[in-house]
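> Just to be clear, the model below is a prediction. Sequence and coordinates:
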Amino acid sequence: MTTLASLDTPALLVDLDRMERNLARAAAYTKEHGLALRPHVKTHKSPRVAAQQLALGAVGVTCATPHEARVMADAGSDILVAYPPVGTPRADRLAALPAHVTLTVALDSAEAIAEMSRAAASAGRKVSVYVELDLGMHRVGVPVIDTAIALARRVREEPSLDFAGIAFYPGHVREAPDDQGAKLAELSAALTGALRKFDAADVSARVVSGGSTPTLWRSHEIEGVTEIRPGTYVYNDRTTAAIGACGWDDCALTVLATVISTAVPGQAVIDTGTKALGREPVRGAPGEGFGMLLEHPEVLVERMSEEHGVLDLSKSSWRPRVGERVRVIPNHVCIVVHLNDFVYGIRGDVLETSWPVAARGRGERAVI
């Protein structure tokens, strides 16, 4: 039997029981409400986990980068790249995905349409397109519906492209689920208004793709949505738990760390700094640490340097010894996964399996 004591630290741990429960719950929810689940792989970046999601009924996966899409082609054949295919290298890499892949891209500009059309035609493949709307996030997406309709018509003019629907991301809805009612109602009104205009213009959307982890459990209340793309739910994190979108016992991923110093009174130092945890604060509570201990939730990673994390012990009676192991629930799990090469799957304290973070990085070859 292999135990956690055999691992060098910092190490990325996934509680398999918690992860499997998270996956099953989302699959059951979407089935109950007649929604297609197309989870975003940005959180786990692993064909192994994607295959589990697909086995539970996901219709496909969502990616952000060409490298993610190429890696996920080993797990499934239906891939959405929810990122504008702008620039010749990106469009060409997407068009070069294996022939068995049904590819969809989300975009919001004529330039992206031209790039994707050229690349698809050159590769001799058909690419489906979602026109992305801005329904409140104000990041990407077309804020004017008539402009979005014009883009959809332009997609229809390209022989290598197929207008499949619209996409949006409700990332501006960050409240606790019980407090999301007003924003979800506003979102529903904006979406239904947009869909009516698309229908009237004879460019009806076959798919309406939206969703996020914070809004996951109320996605069915967004009128018109047919597909959702949550990512973080697979592992969850401190931010997701803090807003009430999951429970603390739904946080499946932790970073195993070792206490390396207790020399300064009132604190302990672990071997887990910015290169293992990132530096993102808890959203909505800036400055309140960069992670919390699973075993002692009153203890935060108060500050960090590259290889050091400083634990604030002022609110705890616990006093660790040098060499003791602790597990940190990170603020933002997606960043932390991207910083690691491998994930170790555990049940209890038993190390059961491991897998690579196969889709981390960009996957480019150096050009000399």
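Received, thanks. Numbers count the residues shown, from 1 in each chain.
> I'd like to know how far the spatially most central residue of the chain sits from E132.
By Cα atoms, centre = their mean, the chain has its centre lying nearest to G231, at 3.4 Å. Taking Cβ to Cβ, to the nearest Å as the measure, G231 falls 17 Å from E132. Just so you know, the C-beta spots here come from the backbone N, C-alpha and C atoms, and that holds for glycine as well.
> Could you measure from the residue nearest to the centre of the chain over to L97?
G231 is 20 Å from L97, by Cβ to Cβ.
> now A194
Separation of A194 from L97 (Cβ to Cβ) stands at 30 Å.
> which residues in the chain form helices?
Remark: helices assigned in the chain by DSSP state H are 16-32, 47-55, 66-72, 88-95, 110-123, 145-157, 181-200, 238-242, 274-277, 333-338.
> highest average neighbour count across those helices?
helix 66-72 (a mean of 23; mean count of other Cβ atoms under 10 Å).
> who are the neighbours of that helix, in terms of helices and strands?
Helix 66-72 sits against helix 47-55, strand 61-63, strand 78-81, helix 88-95, with contacts defined as 3 or more Cβ pairs under 8 Å, 6 or more residues apart in numbering; DSSP states H and E.
> Nearest to H338 among the ones you listed would be which one?
Nearest of the helices and strands packed on helix 66-72 to H338, taken as Cβ to Cβ: strand 61-63 at 13.4 Å.
> Now do the same for that closest one: mean pLDDT, whole number.
In this model, strand 61-63 has a mean pLDDT of 98.
> repeat for stretch 38-52
98.
> That stretch: end-to-end distance?
Start to finish, the residues bounding stretch 38-52 are 12 Å apart (Cα to Cα, to the nearest Å).
> same thing with stretch 314-334?
Span of stretch 314-334 from end to end, Cα to Cα: 29 Å.
> in that stretch, what counts as buried?
By neighbour count on 16 or more other Cβ atoms under 10 Å, the buried set for stretch 314-334 is 316, 320, 324-334.
> quick one: low-confidence parts of this protein?
Along the chain, segments meeting pLDDT under 70 span 1, 283-287, 365-368.
> Export only the CA atoms of the strand ranked longest in the chain, formatted as CSV.
Secondary structure assigned by DSSP state E gives strand 253-261 as the longest strand of the chain. Listed next in CSV are the C-alpha coordinates belonging to strand 253-261 (Å, rounded to 0.1, in the frame of the first residue of the first chain):
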residue,chain,number,x,y,z
LEU,A,253,-8.3,19.1,-4.7
THR,A,254,-5.6,20.1,-2.2
VAL,A,255,-1.9,20.7,-2.3
LEU,A,256,0.1,18.5,0.0
ALA,A,257,2.8,20.6,1.8
THR,A,258,5.5,20.1,4.4
VAL,A,259,6.1,22.5,7.3
ILE,A,260,9.8,23.5,6.9
SER,A,261,10.1,26.2,9.6
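> Buried residues in that strand, which are they?
253-260.
> go on, stretch 94-105?
In stretch 94-105, counting by 16+ other Cβ under 10 Å, buried: 94-95, 97, 101, 103-105.
> give me every residue that touches the residue nearest to A205 when sequence neighbours are not counted.
Leaving aside its sequence neighbours, A205 sits nearest to G165 (Cβ to Cβ, 6 or more residues apart in numbering; 3.9 Å). Counting by Cβ atoms under 8 Å, 6 or more residues apart in numbering, G165 touches 130-131, 205-209, 226.
> Format these as CSV; extra columns: distance to G289.
Putting those into CSV (distance: Cβ to Cβ, whole Å) gives the following:
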residue, distance to G289
Y130, 37
V131, 40
A205, 42
R206, 45
V207, 40
V208, 38
S209, 34
T226, 39
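> from the residues you listed, which ones fall inside strands?
Among those, the members falling in strands are 130-131, 207-209 (criterion: DSSP E).
> Return the member of those residues nearest to N236.
S209 (22.1 Å).
> Identify the residues contacting that closest one.
Listed by Cβ under 8 Å, 6+ apart, the contact partners of S209 are 38, 80, 82, 106, 130, 165-168, 225-229.
> With P98 instead?
Applying Cβ under 8 Å, 6+ apart to P98 gives the contacts A73.
> same thing with R325?
Counting by Cβ under 8 Å, 6+ apart, R325 has contacts 4-5, 9, 256-259.
> try 6 Å
For R325, the contact set (Cβ atoms under 6 Å, 6 or more residues apart in numbering) comprises T258.
> that older thread, in TSV, list the contacts of S209 along with distance to Q267.
Shown next, in TSV, are these (distance: Cβ to Cβ, whole Å):
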residue	distance to Q267
R38	44
L80	45
A82	41
A106	45
Y130	49
G165	52
I166	51
A167	46
F168	44
V225	47
T226	51
E227	47
I228	42
R229	40
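> and these, which are buried?
38, 80, 82, 106, 130, 165-168, 225, 227-229.
> Dump those into CSV; add distance to K183 as well.
CSV is the format used below for the buried ones among the contacts of S209 (distance: Cβ to Cβ, whole Å):
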residue, distance to K183
R38, 22
L80, 24
A82, 21
A106, 22
Y130, 22
G165, 23
I166, 19
A167, 18
F168, 13
V225, 14
E227, 20
I228, 16
R229, 18
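> Can you get me a residue count around the residue nearest to R156 when sequence neighbours are not counted?
Using Cβ to Cβ, 6+ apart and skipping residues adjacent in sequence, the residue nearest R156 is F163, 5.2 Å away. Neighbourhood size, F163 [other Cβ atoms under 10 Å]: 22.
> G87 too?
12.
> now do S354
Quick note: S354 (other Cβ under 10 Å) scores 16 neighbours.
> Thanks a lot, catch you later.
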